[in-house]
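K.L.:
When you get a sec, could you give me coordinates for this:
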Amino acid sequence: MNDEQASAEVVDGVLKKLVDRLQSRDVAQIMNLFTKDALLFGSEAGEVAQGTEELQAFFTTIFEQRTKISWTWDSLFTRKIGESIWFVGPAMLHLNDGSGHDVDYPYRLSGVLLRGTTEPWVFTMFNGSEPASH
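P.N.:
From the prediction side, this is the model:
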């Protein structure tokens with residue numbers, strides 16, 4: 001397995017953990033996937049959080065909403081540089097409100113992973129966004 005394949009497997013695994021923890025709505029467990037000074041950008045205005053306190057507040061707010069968030073992706077572009085892996089690529093955002101009214105949107109995921117202490121790899125930067133329409 002080459003570095004690119006290994007990096008893609010790492011990213012895939014960390015994103016799957018993120019999706020699982022979003023579904024379980026456990027703030028403490030999701031925080032284990034982020035560095036203490038991690039930066040998160042979402043699609044909506046104001047969806048920015050940096051550092052443990054802001055990330056905890058962000059996820060607490062997300063988890064108070066009825067709708068559950070998840071993503072699927074086929075393949076993402078990845079690069080390993082030293083002890084970091086960055087990724088970017090297309091995905092689908094899935095919103096489930098629990099009443100059978102699921103909605104899917106084209107999405108893009110990107111981020112930077114570093115070697116972690118609570119997990120083998122953790123986010124130091126994460127971005128999820130809706131692509132601009134033409």
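K.L.:
pLDDT below threshold where in the chain?
P.N.:
1, 132-134 (pLDDT under 70).
K.L.:
show me where it has strands.
P.N.:
Applying DSSP state E to the chain gives strands spanning 34-41, 48-50, 68-72, 77-81, 84-96, 103-115, 121-129.
K.L.:
Comparing those, which comes out most buried?
P.N.:
strand 121-129 (a mean of 20; mean count of other Cβ atoms under 10 Å). Yep, even glycine has a C-beta here, placed from its N, CA and C like the rest.
K.L.:
Strand partners (parallel or antiparallel) of it?
P.N.:
If you go by DSSP bridges, strand 121-129 pairs up with strand 34-41 (parallel), strand 103-115 (antiparallel).
K.L.:
longest helix anywhere in the chain?
P.N.:
With secondary structure taken from DSSP state H, the chain has its longest helix at helix 3-24.
K.L.:
what's in contact with that helix?
P.N.:
Helix 3-24 is contacted from outside by 1, 29-30, 33, 62, 68-71, 73, 75-76, 78-80, 85, 87, 109, 113, 119-123, 126, using Cβ atoms under 8 Å, 6 or more residues apart in numbering.
K.L.:
Equivalent analysis for stretch 74-90, please.
P.N.:
Stretch 74-90 has contacts (Cβ under 8 Å, 6+ apart) with 3-4, 6-8, 10-12, 73, 91, 106-115, 121, 124, 131.
K.L.:
at 6 Å what do you get?
P.N.:
Contact partners of stretch 74-90, identified using Cβ atoms under 6 Å, 6 or more residues apart in numbering, comprise 3, 7-8, 10-11, 110-115.
K.L.:
re earlier: tabulate the strands paired with strand 121-129 (a markdown table), appending distance to residue 16.
P.N.:
A markdown table is the format used below for those (distance: least, Cβ to Cβ, whole Å):
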| stretch | distance to residue 16 |
| --- | --- |
| strand 34-41 | 16 |
| strand 103-115 | 12 |
